[in-house]
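[1] With the input below, show me the fold.
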Amino acid sequence: MYDILIRGGHILDGTGNPWYAAEVGIAEGKIQRIGQLEGARARRVLEAQGLAVAPGFIDIHNHSDTTLLINPRAASLVRMGCTTCVVGNCGYSLAPLRNPTRGLCLAGLPFPKSGLDFGWTSFGEYLGEYERRGVAINVASLVGHGTVRIGTMGLEARPPTAGELREMEELVEEAMRAGAFGISTGLAYPPGFFASTEELVAMTKVVAKYGGYYASHIRSDARASFVAAVAEAIEVGERAGTPVQVSHIESHYPAWGQSADTLRLIDEARARSVEASCDLPIYLFGESWVASLLPDWMHEGGTGKMLERLSQEVVRERIRQEYREEPMGFTGRCLAADGHWDKLILASSEKNSALVGQTFQEIARQRGVEPLDAVFDLLLEEGQGAAGLVLHLQAHNEDDLVLVLTHPTSMVETDGMALADYGPLSEGRRHPRSFGTFPALFRKYVRGETRAEMPLERGRKAISAAEAIRKTTSLPAQRLGLRDRGLVAEGKWADLVVFDLDAVTDRATYAHPYQYPAGIEYVLVNGTVAVERGEHTGALAGKVLRAR
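    Now for the predicted structure:
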C-alpha cells in the first residue's frame, strides 16, 4: 500500500538522461518503487498521462530569508515547482545576530521585514525559527560574510584586527556546526566591498573544515575588472580548500562578451581539481536596491550615516564628479554613468509608490532635476527605509546568457524570493523571476518561445528538457551535498514536480510580476502534495536541511 502512486508519466530523473515510462510509488515521504507497478494499491493516485515527472526544482541562489518567515506557504516558489531553496546568499544571512550591532545589521537587510521580531541570536536558533513556524518547501542556508562582519565590526571600511578576525571565524564556525552549507559573500555590496581577499580566505578556511562551499557575488561587473573578480572568487576557494560557486556569473553591462573568459576560468580551475561551478538567472533585467547606485564609501557606518552625507551638497558634488571621471564597478552605476537612466526602473518605494514602474529618466524629468539628484532625493525621502527602494536594471546580454546556460557546470537560479499575490508579500513591484524562473526556462530556452508580453526576453532553443532539469535538480543537489534529493530514484525523498513540457510557461511580467505560471499540475514536497492542479494546497511539509 503506497500513500501516493503517480501513474502514466514520463520520468525525467534529473541525470540528464532521456525520459522513460514508469509509475512512482511513494510512502512515508520517500520514493519506494519505480517501475510498472501493476496491481499496486495506493491511498491516492495522481494521473500523469502525457506529463513529465521530475525532481522538484532546487533554487541554488534564493533570497527568501525573511519572506518564508512572513508567509511560510512559499506561494510563488512552490507553484513554479521549486521544492528546495538555498538562502543566505550575497553575504546576507539572518544569523548570527549580535545585540550590539543587531539594529545596524537589520537596517541594511534588503528584504521585506513585515511583522518580524528577529528574536534569535545564533545560527541554530535562526534555523529553528523556520521549524517552529513551518514551511512549505525545504530550506538550506549559507552563513553570510556580511552579516558576520557587521556583527563583529559594524560597517567600518577597514581591515579587521587580529582579534576581530578570530571573532568572525568563531561565528562562522558556530554557523557551520549548526548546519550551514557554506559561506556567501556579496563583494559588490556593503560591507563586502570593504573586505580583502585575505580576510575572505581566512573565514572560508573555517568552512573547509566542515566540507562547506564558498559562494560569491563577485566584487565587480565592470569591463576592466569582471574577469579578475571571477578569478578572485576561484582564488578564495582554491586557497581555502573549498568548492566554489560563482553567483550570477553571466556578464553584466558593460562587460558583455566576456563570459567566454570567465567560463574558461571555471574550466581551468576544474583542471587543477578546484570544484568550481556557477549559476545564472535567465532574465535580461536584474534587481538591486537604489542605494547601490552610490559609491562604496557612502555606505560606511550604515544607512543613517549615508543619509547624513546625502544631505550635504559638497558630498553630492563629489559623487557627481566620480560619475563623470571614475569607472563604476557595479553594473547599475555603469549604466547610470553612461547615461542609460532609461534602463533603471524604480520597482518599490514606500514613500513614493506613485513613481513605481517609472525609469529614473522619467522621474528626473517630472521633478525637473538631473537623474542622479533624483536618486539622492528619493533616498532621503525614504529615510531609514532606504534599503527597501528596489531597482530593476537592464543588465544582461542574451548571447552571454545562452553561453553560460549551455556550460556543463552552470545551474539556474531565481535570485528571487518567496512572494505571493496577496498580503504583505504582494506589495511593490518585485522582479518576475520570483514567480516565473523555472517555467520560463522551459518556455524560453527549451521550446524557444517568446511571449508577447515580454518581447525583450526572446526565446532561443538552447538546451534539452532533460538538461534543463539536470541544471535545476541533481546539479544543485550535488553542490549542496544532498545525497537523498535531486533525483527521481528509489530511496530519495519524494520532492517531485509533475508538469506539461509542451505547455509550461511563465505569466509574470515586469509590469505585472505577481502572476503564477501555467502548466504545472502537481508539486510534492517530502511526499506531501503541496500543489494540486496548479493550486496551493496549504501544506507545510518542508524541512530545514542541515549540512552534514
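[2] List the buried residues of the top helix by length along the chain.
    Assignment by DSSP state H gives helix 162-178 as the longest helix of the chain. Buried residues in helix 162-178, counting neighbours by 16 or more other C-beta atoms under 10 Å, are found at 164-165, 167-169, 171-176, 178. No exception for glycine: its C-beta is placed from N, CA and C like everyone else's.
[3] Also stretch 469-483?
    Neighbour counts over stretch 469-483 (16+ other C-beta under 10 Å) mark 469-480, 482 as buried.
[4] Would you point out the most distant pair within these?
    For the buried residues of stretch 469-483, with distances taken as C-beta to C-beta, the pair at the greatest spread is Ile469 and Leu480 (16.6 Å).
[5] Domains in this structure, by residue range?
    Annotated domains of the chain cover 1-55+428-448+458-477+488-539, 288-394 [automatic domain parsing].
[6] Switch those over to TSV; also include mean pLDDT and distance to Thr152.
    Shown next, in TSV, are the domains of the chain (pLDDT from 0 to 100; distance: least, C-beta to C-beta, whole Å):
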stretch	mean pLDDT	distance to Thr152
domain 1-55+428-448+458-477+488-539	97	30
domain 288-394	90	15
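[7] Spell out the residue ranges of the helices in the stretch 51-200 of the chain.
    Assigned by DSSP state H, counting those that start in this stretch, the stretch 51-200 of the chain shows helices spanning 67-70, 75-78, 102-107, 123-133, 145-153, 162-178, 197-209.
[8] out of the ones you listed, which comes closest to Cys90?
    helix 145-153 (7.8 Å).
[9] Give me the residues contacting that closest one.
    Under the contact criterion C-beta atoms under 8 Å, 6 or more residues apart in numbering, helix 145-153 has outside partners 90-98, 101, 104-105, 108, 160, 164, 167-168, 171-172, 175, 183-186, 189-192, 194-195, 200, 203.
[10] Count the neighbours of the residue nearest to Val504 when sequence neighbours are not counted for me.
    Nearest non-adjacent residue to Val504, counting by C-beta to C-beta, 6 or more residues apart in numbering: Gly519, 3.2 Å away. Counted with other C-beta atoms under 10 Å, the neighbours of Gly519 add up to 20.
[11] isn't Gly519 right next to Thr505, touching?
    Yes. With contact defined as C-beta atoms under 8 Å, Gly519 and Thr505 form a contacting pair (5.9 Å).
[12] Gly416: neighbouring residues, count only.
    If we define neighbours as other C-beta under 10 Å, then Gly416 has 29 of them.
[13] With Glu198 instead?
    Glu198 has 12 neighbours, counted by other C-beta under 10 Å.
[14] got the buried residues for the one helix or strand Leu263 maps to?
    According to DSSP states H and E, Leu263 maps onto helix 259-271. Residues of helix 259-271 classed as buried by neighbour count (16+ other C-beta under 10 Å): 259, 262-263, 265-266, 269-270.
[15] And for stretch 538-548?
    539-545, 547.
[16] about what we covered before: could you dump the buried residues of helix 162-178 to TSV with distance to Met1 and pLDDT?
    Output for these, formatted as TSV (distance: C-beta to C-beta, whole Å; pLDDT from 0 to 100):
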residue	distance to Met1	pLDDT
Glu164	59	98
Leu165	57	98
Glu167	55	98
Met168	53	98
Glu169	52	98
Leu171	48	98
Val172	47	98
Glu173	46	98
Glu174	44	98
Ala175	42	98
Met176	41	98
Ala178	38	98
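[17] Can you work out which residues contact both of Gly519 and Thr505?
    With C-beta under 8 Å, 6+ apart as the test, Gly519 and Thr505 both reach Pro439.
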